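Student: could you work out the structure for the sequence below:
(one chain, ligands or ions: 1)
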Amino acid sequence: MAFTVPALPYAYEALEPHIDKQTMQIHHDKHHQAYVDNLNKAIAGTENENKSIEELMKNAGSISPAVRNNGGGHWNHTFFWESLAPGAGGNPEGRLADAINESFGSFEGFKEKFNAAGITRFGSGWAWLGSQNGKLVICSTPNQDNPLMDVGECKCTPILGCDVWEHAYYLKYQNKRADYLNAFWNVVNWKKVAERFKP
Ligand code: MN3
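Tutor: The predicted structure is shown next:
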(Lines give C-alpha, C1' and ligand atoms only; values in the text may rest on other atoms or scores of the structure.)
Protein backbone atom coordinates (compact mmCIF):
# COMPACT_ATOMS: atom_id res chain seq x y z
CA MET A 1 0.00 0.00 0.00
CA ALA A 2 1.41 3.33 -1.02
CA PHE A 3 1.47 6.08 1.57
CA THR A 4 -0.69 9.18 1.10
CA VAL A 5 -0.63 12.68 2.56
CA PRO A 6 -3.41 12.99 5.15
CA ALA A 7 -5.75 15.96 4.76
CA LEU A 8 -4.98 18.87 7.06
CA PRO A 9 -7.31 18.64 10.06
CA TYR A 10 -8.17 22.40 9.63
CA ALA A 11 -8.17 25.01 6.85
CA TYR A 12 -4.89 26.37 5.46
CA GLU A 13 -5.62 29.80 6.92
CA ALA A 14 -6.85 28.48 10.27
CA LEU A 15 -3.57 29.07 12.08
CA GLU A 16 -3.24 32.71 11.04
CA PRO A 17 -1.81 35.10 12.06
CA HIS A 18 0.73 32.77 13.70
CA ILE A 19 1.32 30.52 10.69
CA ASP A 20 0.19 31.98 7.38
CA LYS A 21 -2.01 30.38 4.73
CA GLN A 22 0.58 30.32 1.94
CA THR A 23 3.16 28.64 4.15
CA MET A 24 0.63 25.98 5.12
CA GLN A 25 -0.39 25.39 1.50
CA ILE A 26 3.17 24.95 0.26
CA HIS A 27 4.26 23.04 3.35
CA HIS A 28 1.41 20.53 3.27
CA ASP A 29 0.65 20.25 -0.47
CA LYS A 30 4.20 20.46 -1.84
CA HIS A 31 6.75 19.55 0.82
CA HIS A 32 4.80 16.79 2.58
CA GLN A 33 3.58 15.46 -0.77
CA ALA A 34 7.17 15.27 -2.05
CA TYR A 35 8.26 13.25 1.00
CA VAL A 36 5.38 10.82 0.43
CA ASP A 37 6.08 10.51 -3.31
CA ASN A 38 9.77 9.88 -2.73
CA LEU A 39 9.07 7.43 0.11
CA ASN A 40 6.72 5.46 -2.15
CA LYS A 41 9.37 5.38 -4.88
CA ALA A 42 12.00 4.22 -2.41
CA ILE A 43 9.97 1.25 -1.14
CA ALA A 44 8.18 0.21 -4.36
CA GLY A 45 8.96 -3.41 -5.18
CA THR A 46 11.11 -3.91 -2.08
CA GLU A 47 10.59 -5.93 1.09
CA ASN A 48 9.60 -2.66 2.79
CA GLU A 49 6.62 -2.01 0.55
CA ASN A 50 3.96 -3.22 2.99
CA LYS A 51 5.50 -2.09 6.26
CA SER A 52 3.89 0.52 8.48
CA ILE A 53 5.52 3.91 8.75
CA GLU A 54 6.36 3.15 12.40
CA GLU A 55 8.13 -0.04 11.38
CA LEU A 56 10.10 1.86 8.75
CA MET A 57 11.09 4.47 11.35
CA LYS A 58 12.39 1.81 13.75
CA ASN A 59 14.85 0.62 11.11
CA ALA A 60 15.33 3.85 9.17
CA GLY A 61 19.06 3.98 9.80
CA SER A 62 19.69 0.60 8.24
CA ILE A 63 17.12 0.55 5.39
CA SER A 64 18.32 3.45 3.21
CA PRO A 65 18.93 7.20 3.27
CA ALA A 66 15.84 7.66 1.04
CA VAL A 67 13.56 5.91 3.55
CA ARG A 68 15.21 7.72 6.47
CA ASN A 69 14.77 11.17 4.87
CA ASN A 70 11.40 10.76 3.17
CA GLY A 71 9.82 8.35 5.65
CA GLY A 72 10.94 10.72 8.39
CA GLY A 73 9.46 13.59 6.42
CA HIS A 74 6.13 11.77 6.17
CA TRP A 75 5.94 10.72 9.82
CA ASN A 76 7.15 14.08 11.16
CA HIS A 77 4.75 16.20 9.13
CA THR A 78 1.72 14.01 9.90
CA PHE A 79 2.62 14.35 13.59
CA PHE A 80 3.18 18.11 13.21
CA TRP A 81 -0.20 18.89 11.60
CA GLU A 82 -1.95 17.08 14.45
CA SER A 83 0.15 18.91 17.03
CA LEU A 84 -1.37 22.22 15.94
CA ALA A 85 -4.92 23.58 16.02
CA PRO A 86 -6.70 26.85 15.45
CA GLY A 87 -7.58 28.78 18.61
CA ALA A 88 -5.27 26.50 20.59
CA GLY A 89 -2.18 27.41 22.59
CA GLY A 90 -2.49 28.49 26.19
CA ASN A 91 -1.31 26.20 28.96
CA PRO A 92 -1.25 22.42 29.23
CA GLU A 93 -3.43 21.00 31.99
CA GLY A 94 -3.60 18.13 34.44
CA ARG A 95 -1.03 15.36 34.50
CA LEU A 96 0.90 16.82 31.55
CA ALA A 97 1.18 20.23 33.23
CA ASP A 98 2.41 18.53 36.41
CA ALA A 99 5.01 16.55 34.47
CA ILE A 100 6.23 19.70 32.69
CA ASN A 101 6.60 21.53 36.00
CA GLU A 102 8.38 18.56 37.53
CA SER A 103 10.81 18.12 34.63
CA PHE A 104 11.51 21.75 33.74
CA GLY A 105 10.61 23.77 36.85
CA SER A 106 7.79 25.71 35.19
CA PHE A 107 5.89 26.05 31.92
CA GLU A 108 7.95 29.16 31.08
CA GLY A 109 11.15 27.25 31.80
CA PHE A 110 9.97 24.43 29.56
CA LYS A 111 9.21 26.79 26.65
CA GLU A 112 12.63 28.44 26.99
CA LYS A 113 14.38 25.07 26.81
CA PHE A 114 12.27 23.88 23.88
CA ASN A 115 12.84 27.15 21.98
CA ALA A 116 16.57 26.84 22.63
CA ALA A 117 16.53 23.32 21.16
CA GLY A 118 14.87 24.69 18.03
CA ILE A 119 17.04 27.79 17.73
CA THR A 120 20.34 25.97 18.21
CA ARG A 121 19.54 23.22 15.68
CA PHE A 122 22.04 24.13 12.96
CA GLY A 123 20.53 24.03 9.48
CA SER A 124 17.27 22.10 9.20
CA GLY A 125 15.57 19.83 11.70
CA TRP A 126 13.08 19.44 14.51
CA ALA A 127 12.67 20.22 18.21
CA TRP A 128 10.88 17.56 20.29
CA LEU A 129 9.21 17.06 23.63
CA GLY A 130 9.04 13.40 24.48
CA SER A 131 8.54 10.99 27.33
CA GLN A 132 11.29 8.63 28.38
CA ASN A 133 10.97 6.24 31.34
CA GLY A 134 8.08 8.28 32.73
CA LYS A 135 9.98 11.58 32.48
CA LEU A 136 9.75 14.38 29.94
CA VAL A 137 12.75 15.26 27.80
CA ILE A 138 13.54 17.91 25.20
CA CYS A 139 15.84 17.18 22.29
CA SER A 140 16.34 18.00 18.63
CA THR A 141 17.11 16.05 15.47
CA PRO A 142 18.73 17.05 12.16
CA ASN A 143 17.00 16.92 8.77
CA GLN A 144 13.93 14.62 8.92
CA ASP A 145 15.24 12.35 11.67
CA ASN A 146 12.95 11.76 14.65
CA PRO A 147 13.06 10.13 18.10
CA LEU A 148 11.53 6.87 16.81
CA MET A 149 14.52 6.15 14.57
CA ASP A 150 17.38 3.80 15.30
CA VAL A 151 19.80 6.71 14.82
CA GLY A 152 20.98 9.65 16.89
CA GLU A 153 20.77 10.47 20.58
CA CYS A 154 17.23 11.86 20.75
CA LYS A 155 15.47 8.66 21.93
CA CYS A 156 12.03 9.07 23.44
CA THR A 157 8.33 8.76 22.68
CA PRO A 158 7.61 12.10 21.00
CA ILE A 159 4.50 13.98 22.19
CA LEU A 160 5.18 17.39 20.57
CA GLY A 161 7.39 18.39 17.65
CA CYS A 162 8.22 21.67 15.96
CA ASP A 163 9.49 21.84 12.39
CA VAL A 164 12.38 24.33 12.28
CA TRP A 165 13.19 23.94 8.57
CA GLU A 166 13.17 27.34 6.86
CA HIS A 167 10.25 26.16 4.68
CA ALA A 168 8.11 26.11 7.86
CA TYR A 169 8.50 29.84 8.52
CA TYR A 170 10.53 31.75 5.94
CA LEU A 171 7.65 33.43 4.04
CA LYS A 172 6.32 35.10 7.18
CA TYR A 173 9.30 35.24 9.52
CA GLN A 174 12.26 35.25 7.07
CA ASN A 175 15.45 34.50 9.02
CA LYS A 176 13.81 35.05 12.42
CA ARG A 177 13.40 31.48 13.63
CA ALA A 178 13.03 32.69 17.23
CA ASP A 179 9.94 34.73 16.29
CA TYR A 180 8.41 31.68 14.61
CA LEU A 181 9.09 29.55 17.69
CA ASN A 182 7.45 32.16 19.92
CA ALA A 183 4.39 32.22 17.63
CA PHE A 184 4.25 28.40 17.56
CA TRP A 185 3.03 28.33 21.20
CA ASN A 186 -0.20 30.08 20.14
CA VAL A 187 -1.25 27.09 18.04
CA VAL A 188 -0.04 24.09 20.04
CA ASN A 189 -2.85 21.56 20.46
CA TRP A 190 -2.26 20.67 24.12
CA LYS A 191 -5.26 18.35 24.12
CA LYS A 192 -3.54 16.22 21.47
CA VAL A 193 -0.18 16.42 23.23
CA ALA A 194 -1.81 15.26 26.49
CA GLU A 195 -3.41 12.29 24.68
CA ARG A 196 0.04 11.20 23.50
CA PHE A 197 1.52 11.46 27.00
CA LYS A 198 1.35 8.02 28.53
CA PRO A 199 4.03 7.70 31.20
MN1 MN3 B 1 8.50 20.78 7.02
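
Student: make it CA atoms for all contacts and neighbour counts henceforth
Tutor: Fine.

Student: how about the strands in the protein?
Tutor: 125-132, 135-142, 157-163 (DSSP state E).

Student: return the most buried member of the ones you listed.
Tutor: For those, the largest average neighbour count (mean count of other CA atoms under 10 Å) is found in strand 157-163, namely a mean of 24.

Student: circling back: so for residue 63, which of the strands of the chain sits nearest?
Tutor: Minimum separation from residue 63 across the strands of the chain (CA to CA) falls at strand 135-142, 17.9 Å.

Student: pull the distance from the helix ranked longest in the chain to the chain's centre.
Tutor: The longest helix of the chain (DSSP state H) is helix 65-83. When distances are taken as CA atoms, centre = their mean, to the nearest Å, helix 65-83 is centred 8 Å away from the chain's centroid.

Student: which helices and strands does that helix pack with?
Tutor: Counting contacts by 3 or more CA pairs under 8 Å, 6 or more residues apart in numbering; DSSP states H and E, helix 65-83 is packed against helix 33-43, helix 53-58, helix 60-63, strand 157-163, helix 190-196.

Student: spatially central residue for this structure, please.
Tutor: residue 161 (3.4 Å; CA atoms, centre = their mean).

Student: burial check on residue 143, number of neighbours?
Tutor: Residue 143 is flanked by 19 other residues according to other CA atoms under 10 Å.

Student: contacts only, for it.
Tutor: 69, 123-126, 165 (CA atoms under 8 Å, 6 or more residues apart in numbering).

Student: can we see that at 10 Å?
Tutor: Counting by CA atoms under 10 Å, 6 or more residues apart in numbering, residue 143 makes contact with 68-69, 72-73, 121-126, 163-165.

Student: in ChimeraX, how would I select the buried members of those?
Tutor: In ChimeraX, the members of the contacts of residue 143 classed as buried (16 or more other CA atoms under 10 Å) are selected with the following command:
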select :68,69,72,73,121,125,126,163,164,165
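
Student: about what we covered before: dump the strands of the chain into CSV; add mean pLDDT and distance to residue 189 as well.
Tutor: Listed next are the strands of the chain as CSV, based on pLDDT from 0 to 100; distance: least, CA to CA, whole Å:
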stretch, mean pLDDT, distance to residue 189
strand 125-132, 97, 13
strand 135-142, 96, 17
strand 157-163, 98, 9
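
Student: tabulate the ones you listed (a markdown table), appending distance to residue 190.
Tutor: Shown next, in a markdown table, are these (distance: least, CA to CA, whole Å):
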| stretch | distance to residue 190 |
| --- | --- |
| strand 125-132 | 12 |
| strand 135-142 | 15 |
| strand 157-163 | 9 |
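
Student: closest one to residue 80 among these?
Tutor: strand 157-163 (6.1 Å).
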